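Peer 1: how would this look folded up:
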Amino acid sequence: MKFKGIAFLTIIVLLLNNQITKAQNISDTIKGYVYDDQGNPIEDASVIVEGINLSTTTQSNGYYLILLPEEKNYKVHFSKVKYLSIYKRLHKKQHAILENIILKRDKKIADLEDVSVAANTAITTLRQSAYNVVAIDAKPYYNTTMDLAQLLDRASGVKVRSSGGVGSDYNVSLNGFSGRHVKVFIDGMPMEGMGSAFQLNNIPVNIAERIEVYKGVVPIEFGSDAIGGVINIVTKKGKRTHLDVSASYRSFNTYKSNIDYGITTKKGFTFNINAFQNYSDNNYKVWMEEIKNVNTNVYMQDPQWVKRFHDNYHNETVVTNFGFVNKKWADRLLVGVTLGQEKADIQHAYIMKIVYGQRFRKGNTIMPNLIYQKNNLFTRGLNLKLAANYSKNHNQNIDTSARSYNWLGEWARKATQGEGGTSTLAKFNNHNLSSTGNLTYHLGTQHTFSINDVYNSFNRKNDDAASVITDGSQSAQYLERKNSKNILGASYKWDYNKRWNTSVFAKNYSMSVTSPVNVATNVNEYNYANQSKSQSVMGYGIATTYFIKEYLQLKASYEKAARLPTDNELFGDQVLQTENTSLRPERSHNINLGITYNKEIVKNHSIYADLGLMYRHVYDYIRQIVEQRYGTQSSINWGKVQNMGINAEVRYFYKDILAIGGTVTYQNLRNKDRETSANNTSPNAIYNDRLPNVPYFFGNTDVSVFLKDIWHKGNTMSIMYSTQYVHAFYLQWPSLGEASTKFTIPEQFSHDILLSYAMKGGKYNVGLEGRNLTNRKLYDNWSLQKPGRNFSIKLRYYLMR
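Peer 2: Reported below is the predicted structural model:
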């Protein structure tokens with residue numbers, strides 16, 4: 001299974017190559033140069049041949065080249081931010097067309113460096129696809145202290161739930177499905193196995209160009225088994241020399257810094273390095289109803305504000321890539337490595353009243369990677385993308401203290417070591433290999449064929465110097481855990497015309513899990529040995545879109561999908577999440593409907609609106625449950641779950657001065673298991689209950705004002721005000737227990753304000769932020785409080801040549 005997808009791709013390439021009788025030559029091209037109105041070459045301008053999925057960008061000298069599939073009329077679009085776009089109608093009559101283009105600067109936006117008021121080509125193209133997808137432009141937030149998780153939280157249908165401050169655990173919820181139901185990618189590569197030092201909640205927003213959010217049905221290019229959807233982080237890929245340096249300080253002794261440097265030479269050599277760090281004491285105050293008496297271990301009613309005293313976090317990460325771009329043998333060939341380390345104190349369990357005073361975890365990551373991309377491989381329209389990374393994560397969980405703590409920082413000695421119940425110096429080494437291969441062929445102007453394969457392997461080895469094996473039941477922890485997954489997909493897209501296109505696809509999901517099993521034949525005997533089991537599931541789907549008008553779009557999609565259990569769900573995290581290797585894959589029917597309106601209603605006044613409806617029916621749904629005594633968490637197959645929901649986004653723009661918008665989401669995630677017993681005869685008391693501990697109604701609003709030439713020509717002040725709302729929801733099943741005794745995650749309503757001042761066209765920048773201005777008690781999870789009112793300042797220097 002490991003190589004079957006890549007081998008299949010190789011065979012396809014060789015077969016296609018065998019059919020080619022002559023090499024491509026310059027006689028099949030449109031080529032030329034793009035200049036500004038002063039005669040200077042324009043780099044990175046977009047050149048798009050409409051209707052046939054062909055595009056490129058200009059090189060540093062303004063040169064572009066596109067291969068044409070047949071002799072006919074073509075409409076070519078030339079564009080660049082801060083320039084007026086133009087269209088050219090060209091007819092391929094001869095061996096080659098030489099077309100030099102002059103783009104005039106748009107004086108209305110020429111002075112704006114960091115605020116794009118024109119439609120971003122990539123984001124617009126994404127929104128116009130048949131899939132239910134939205135995109136967030138990261139550029140307006142470069143002067144803030146946001147991480148990627150905080151930016152993602154602004155998308156419609158998305159809720160990012162965190163368990164505390166900087167470096168805390170987080171969970172992405174998308175259309176009602178959360179955690180591992182939502183897959184996260186960076187430049188199309190899965191982030192599973194990349195290590196905790198390189199995750200959404202500690203990566204600065206400056207690393208990204210945009211965030212793409214696919215809700216439900218996703219293209220095969222991601223090779224994803226996500227029932228909830230896919231998050232794809234698209235990183236910056238500037239083709240010029242640039243330097244981006246920033247540093248910030250925030251309440252609770254939090255400071256962050258980031259440096260991004262990149263260079264691309266005229267000969268195509270490219271190099272980029274991005275380094276960032278985060279540090280925080282996370283010593284904000286939380287409200288506790290009960291305080292434990294450390295001498296009697298009895299919890300007493302003593303409501304008061306207490307300060308977190310053991311929640312220090314820091315991480316340092318370096319990402320570097322080098323290689324070549326725009327060569328005859330490769331459009332992109334990059335080799336790189338990611339190095340990261342982190343240390344995190346553990347203040348409490350998944351139940352906040354269970355508090356620790358000395359427990360912590362640490363880890364480091366080494367991840368080399370390779371990217372290869374070539375368009376028009378061997379023949380026109382044949383595009384190949386290959387990517388792979390290997391991640392080695394060394395982690396350690398340290399819990400040897402013989403103390404019992406309470407929230408006042410008081411402690412008493414206990415008879416045994418280990419605040420979590422058992423003394424441990426557990427070390428575990430995670431090895432993760434990910435590879436993806438995609439082959440796409442454009443046949444004429446209407447037909448596109450794709451095949452995609454994603455392979456992932458994981459294995460973990462444990463070692464614990466503090467653990468003593470007293471009987472065979474404990475020997476399982478030292479046996480190796482393995483999990484390998486392969487997702488092979490194929491698709492066909494038909495572009496009937498500019499208004500209507502449809503895609504059909506199929507996927508094969510397969511996995512193999514190796515884990516310890518007790519093979520002893522007698523009761524109360526333990527003889528653990530590794531055993532393997534394999535599973536395979538088929539899926540398929542269709543996605544279509546139709547433009548009623550240029551500004552009014554309809555979308556519909558269906559998928560019979562599957563989701564394979566993740567490594568953490570199967571094997572735990574060796575800290576607070578326990579293993580369950582008997583998990584079965586989830587199976588689901590997904591339906592999405594959408595309508596989008598995007599139009600300048602009158603001069604300088606534009607409206608963007610998006611409405612999405614979704615339906616999910618899931619079998620063997622995997623959900624997390626919390627063990628009440630020790631506060632640990634595990635995953636189980638629940639049964640049947642149904643979700644029907646709606647999400648909407650509306651935005652208004654006035655020139656490049658004002659933007660007002662908001663999103664709202666309602667999702668109705670229900671238990672659909674009618675019976676509870678093994679023979680399906682006992683009625684289920686919680687049938688049709690809303691799933692507990694899942695927010696079902698939430699949204700956000702924001703207002704942005706951009707003031708140009710403030711205090712000096714070329715300087716821009718940005719003011720952003722935003723609110724976030726989450727309706728109250730139950731921790732446990734609504735039908736169980738008395739209403740007065742049910743635990744509820746209360747209503748959340750927070751206010752933030754962001755101010756930034758960009759000088760010299762964005763070369764020098766200052767950002768100020770105030771978050772949770774009303775100092776509300778905020779919870780994403782039961783009892784796990786987030787920071788109160790806090791402030792920050794960020795200084796940023798940006799240079800591009």
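Peer 1: Go through the protein and flag its longest strand.
Peer 2: Ranked by residue count under DSSP state E, the longest strand found in the chain is strand 528-549.
Peer 1: What is that one packed up against?
Peer 2: Secondary-structure packing of strand 528-549 (3 or more Cβ pairs under 8 Å, 6 or more residues apart in numbering; DSSP states H and E): strand 500-518, strand 552-563. Glycine gets a C-beta too; all of them are placed from N, C-alpha and C.
Peer 1: Give the pairing partners of it; include direction for each.
Peer 2: Strand 528-549 pairs in its sheet with strand 500-518 (antiparallel), strand 552-563 (antiparallel), by DSSP bridges.
Peer 1: okay, the helices and strands packed on strand 528-549 in CSV with mean neighbour count next?
Peer 2: What follows is the helices and strands packed on strand 528-549, written out as CSV (neighbours: other Cβ atoms under 10 Å):
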stretch, mean neighbour count
strand 500-518, 19
strand 552-563, 20
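Peer 1: so can I have a markdown table of those strands showing distance to N790 and mean pLDDT?
Peer 2: Output for the helices and strands packed on strand 528-549, formatted as a markdown table (distance: least, Cβ to Cβ, whole Å; pLDDT from 0 to 100):
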| stretch | distance to N790 | mean pLDDT |
| --- | --- | --- |
| strand 500-518 | 43 | 87 |
| strand 552-563 | 36 | 91 |
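Peer 1: would you list the ones you listed in JSON lines and tack on distance to F309?
Peer 2: Shown next, in JSON lines, are those (distance: least, Cβ to Cβ, whole Å):
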{"stretch": "strand 500-518", "distance to F309": "38"}
{"stretch": "strand 552-563", "distance to F309": "39"}
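Peer 1: Which one of those lies nearest to L243?
Peer 2: When these are compared by Cβ to Cβ, strand 552-563 sits nearest L243, at 39.4 Å.
Peer 1: list the helices and strands the helix or strand following the closest one packs on?
Peer 2: As assigned by DSSP states H and E, the chain's next helix or strand after strand 552-563 is helix 567-571. Applying 3+ Cβ pairs under 8 Å, 6+ apart, one finds that helix 567-571 contacts strand 447-463, strand 481-495, strand 500-518.
Peer 1: Turn the ones you listed into JSON lines, including distance to Y63.
Peer 2: JSON lines is the format used below for those (distance: least, Cβ to Cβ, whole Å):
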{"stretch": "strand 447-463", "distance to Y63": "27"}
{"stretch": "strand 481-495", "distance to Y63": "28"}
{"stretch": "strand 500-518", "distance to Y63": "31"}
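Peer 1: List just the one of the ones you listed that sits closest to L613.
Peer 2: Closest among the helices and strands packed on helix 567-571, once you apply Cβ to Cβ, is strand 500-518, at 19.1 Å.
Peer 1: could you check the angle strand 481-495 makes with the closest one?
Peer 2: Relative orientation of strand 500-518 versus strand 481-495 (axes from the mean of the first three to the mean of the last three Cα atoms, to 10 degrees): 170 degrees.
Peer 1: how about strand 500-518 as CSV, C-alpha atoms only?
Peer 2: What follows is strand 500-518, C-alpha atoms only, in CSV (Å, rounded to 0.1, in the frame of the first residue of the first chain):
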residue,chain,number,x,y,z
TRP,A,500,-21.3,26.2,-15.7
ASN,A,501,-18.7,23.6,-14.6
THR,A,502,-19.1,20.2,-12.9
SER,A,503,-16.6,17.8,-11.2
VAL,A,504,-17.1,14.1,-10.4
PHE,A,505,-14.6,12.1,-8.3
ALA,A,506,-13.9,8.9,-6.4
LYS,A,507,-11.6,8.0,-3.5
ASN,A,508,-10.3,4.9,-1.9
TYR,A,509,-9.4,5.1,1.8
SER,A,510,-7.2,2.4,3.3
MET,A,511,-5.4,2.0,6.6
SER,A,512,-3.4,-0.5,8.6
VAL,A,513,-3.0,-0.3,12.4
THR,A,514,-0.5,-2.2,14.5
SER,A,515,-0.9,-2.1,18.3
PRO,A,516,-0.4,-4.2,21.4
VAL,A,517,-3.0,-7.0,22.0
ASN,A,518,-3.2,-9.3,25.0
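Peer 1: In the helix or strand harbouring G594, which residues are buried?
Peer 2: Following DSSP H and E, one finds G594 within strand 586-602. By neighbour count on 16 or more other Cβ atoms under 10 Å, the buried set for strand 586-602 is 586-598.
Peer 1: send the alpha carbons of it over as PDB?
Peer 2: Extracted C-alpha coordinates of strand 586-602, given in PDB (Å, rounded to 0.1, in the frame of the first residue of the first chain):
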ATOM      1  CA  GLU A 586     -16.400   7.100  10.200                       C
ATOM      2  CA  ARG A 587     -18.700   7.000   7.100                       C
ATOM      3  CA  SER A 588     -20.800   9.900   6.000                       C
ATOM      4  CA  HIS A 589     -23.200  11.300   3.400                       C
ATOM      5  CA  ASN A 590     -22.400  15.000   2.900                       C
ATOM      6  CA  ILE A 591     -24.600  17.500   1.000                       C
ATOM      7  CA  ASN A 592     -23.800  21.200   0.500                       C
ATOM      8  CA  LEU A 593     -25.900  23.900  -1.200                       C
ATOM      9  CA  GLY A 594     -24.700  27.500  -1.600                       C
ATOM     10  CA  ILE A 595     -25.500  30.900  -3.200                       C
ATOM     11  CA  THR A 596     -23.100  33.800  -3.600                       C
ATOM     12  CA  TYR A 597     -23.800  37.400  -4.500                       C
ATOM     13  CA  ASN A 598     -20.900  39.700  -5.300                       C
ATOM     14  CA  LYS A 599     -21.600  43.100  -7.000                       C
ATOM     15  CA  GLU A 600     -20.800  46.800  -7.000                       C
ATOM     16  CA  ILE A 601     -24.400  47.900  -6.500                       C
ATOM     17  CA  VAL A 602     -23.700  51.600  -7.200                       C
END
